[in-house]
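**Student:** Sequence and predicted structure are below.
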Amino acid sequence: MYMTNQLNSLFNEVFPYRERQKMEYMLTDIKKVDENYVMEIDLPGVNKENIAISLEKGLLTVFVDQKAQEGEYLVSERLHGEYGRRYRVSTNLTEEDIQASFKDGILTLTFPIDKKIEKKMIQID
């Protein structure tokens, strides 16, 4: 227990609260459904208009620019401002292959599994 507390303390010093919050935001589930990958990304409180998705050289980027609502906040735990997350995908994937939908704070991206990429095992001599 003592060691755990020390590690948590060190982590908190290295990554201030706001940086930890950004890393923990955009929680993502990725699953296989039939012949597709389905990514579900949590974006609570985000407006669809504030989400940008791009694809370049096998790097899928989800970017959010969510401004705080007007008013005097007594507590503000939701993340505001600019933040994003990148996911490595197949370089054969194109923008046309990706279907995106946003409902109830969950961004869903669906795209085909690249059959051209096969896992190859390397033999050890």
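**Tutor:** Good, I have the coordinates.

**Student:** From Phe111, how far off is Asp97?
**Tutor:** With distances taken as C-beta to C-beta, to the nearest Å, Asp97 is found 5 Å from Phe111. C-beta: built from backbone N, CA, C; applies to glycine.

**Student:** Residue ranges in this structure under the pLDDT threshold?
**Tutor:** The model of the chain has pLDDT under 70 over residues 1-24, 117-120.

**Student:** Where does the closest residue to Gly45 other than its chain neighbours sit, in terms of helix or strand?
**Tutor:** Excluding its sequence neighbours, the residue lying closest to Gly45 (C-beta to C-beta, 6 or more residues apart in numbering) is Arg78, at 4.7 Å. Assigned by DSSP states H and E, Arg78 belongs to no helix or strand.

**Student:** pretty sure Arg78 contacts Leu43?
**Tutor:** No. Between Arg78 and Leu43 there is no contact under C-beta atoms under 8 Å: 10.2 Å.

**Student:** quick one, which of the two is more surrounded?
**Tutor:** Taking neighbours as other C-beta atoms under 10 Å, Arg78 and Leu43 compare with Leu43 leading, 20 against 14.

**Student:** I'd like to check which residues are in contact with the more buried one.
**Tutor:** With contact set as C-beta atoms under 8 Å, 6 or more residues apart in numbering, Leu43 has these partners: 26, 51, 64, 102, 105-107.

**Student:** Columns neighbour count and secondary structure on top of those residues, output as JSON lines?
**Tutor:** Shown next, in JSON lines, are the contacts of Leu43 (neighbours: other C-beta atoms under 10 Å; DSSP: H, G, I helix; E, B strand; the rest coil):
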{"residue": "Met26", "neighbour count": "17", "secondary structure": "coil"}
{"residue": "Ile51", "neighbour count": "18", "secondary structure": "strand"}
{"residue": "Val64", "neighbour count": "21", "secondary structure": "strand"}
{"residue": "Phe102", "neighbour count": "16", "secondary structure": "strand"}
{"residue": "Gly105", "neighbour count": "11", "secondary structure": "coil"}
{"residue": "Ile106", "neighbour count": "14", "secondary structure": "strand"}
{"residue": "Leu107", "neighbour count": "21", "secondary structure": "strand"}
